[in-house]
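K.L.:
Sequence first, predicted model second:
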Amino acid sequence: MAILSVAGLAIGGIAAAGFLGGYRINSTPSFPLGLWRIEELSREARLGDTLFICPPASSPAIELARERLYLPAGLCDGGIAPLIKTVVALPGQTITIAGAQVVINGTSLPHSTIQTTDGQGRALPVSAGGVVPPGSLFVHSDYVASFDSRYFGPIPAHGTLGLAREVLTFQP
């Protein structure tokens, strides 16, 4: 019993140290599975940055995602984990949903096909598009079934926790 207690404390200590050190485990297929680190971002987010970002818990699309268990549990508002997403549009850029594709300032975004239903056949919300408002980011993942701004629209940049850096990852 003592050995199990010591082992449990050791595992808990390692997990706490990793969490406090900014390490997170990604278990979703939107980005490579495995260990990631939150790196401090001491500037505004730029196009192409891959971020850890908390979505607004009060957004109807995020509430739906939480109900349907699209998003893992975590410490962001609403009890969900931060998302790992890449910034594809900044404030002032125009998002258009052209057919089933996202278009940013007239250029199609690769790997941005809009799915109308989830894996269980339930209807998905779709972003209305428009101009990305000040203080917001349009985020994306190349994974076809990623739940990103295609479905919930731009999200507040103030939810950014930092840059997402791969530490030990793999593609399934």
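P.N.:
Right, received. Where do you want to start?
K.L.:
wouldn't residue 40 be in contact with residue 160 here?
P.N.:
No. Contact criterion CB atoms under 8 Å: residue 40 and residue 160 do not qualify, at 10.6 Å. Backbone N, C-alpha and C define where each C-beta goes, glycine included.
K.L.:
Neighbour count for these two, which is higher?
P.N.:
residue 160 (21 against 9; other CB atoms under 10 Å).
K.L.:
Provide a list of residues in contact with the nearest residue to the more buried one once chain neighbours are set aside.
P.N.:
Leaving aside its sequence neighbours, residue 160 sits nearest to residue 53 (CB to CB, 6 or more residues apart in numbering; 5.0 Å). When contacts are counted by CB atoms under 8 Å, 6 or more residues apart in numbering, residue 53 is found next to 82-83, 85, 137, 139, 155, 159-161.
K.L.:
Quick one: find the helix or strand in this structure with the lowest mean pLDDT.
P.N.:
Using mean pLDDT, DSSP states H and E, the weakest-scoring helix or strand in the chain turns out to be helix 2-20, at a mean of 49.
K.L.:
what's the pLDDT at the spatially most central residue of the chain?
P.N.:
For the chain, residue 83 is the residue whose C-alpha lies nearest the centre (CA atoms, centre = their mean; 2.3 Å). In this model, residue 83 is scored at 95, pLDDT.
K.L.:
Could you list the buried residues of the lengthiest strand in the chain?
P.N.:
Criterion DSSP state E: the longest strand present in the chain is strand 160-170. Neighbour-count burial for strand 160-170 flags 160-164 (criterion: 16 or more other CB atoms under 10 Å).
K.L.:
rewinding a little: not counting sequence-adjacent ones, nearest residue to the residue nearest to the centre of the chain?
P.N.:
Sequence neighbours aside, residue 53 is the residue nearest to residue 83 in space, at 5.5 Å (criterion: CB to CB, 6+ apart).
K.L.:
Quick check: that neighbour vs residue 96, distance?
P.N.:
From residue 53 over to residue 96 the distance is 23 Å, taken as CB to CB, to the nearest Å.
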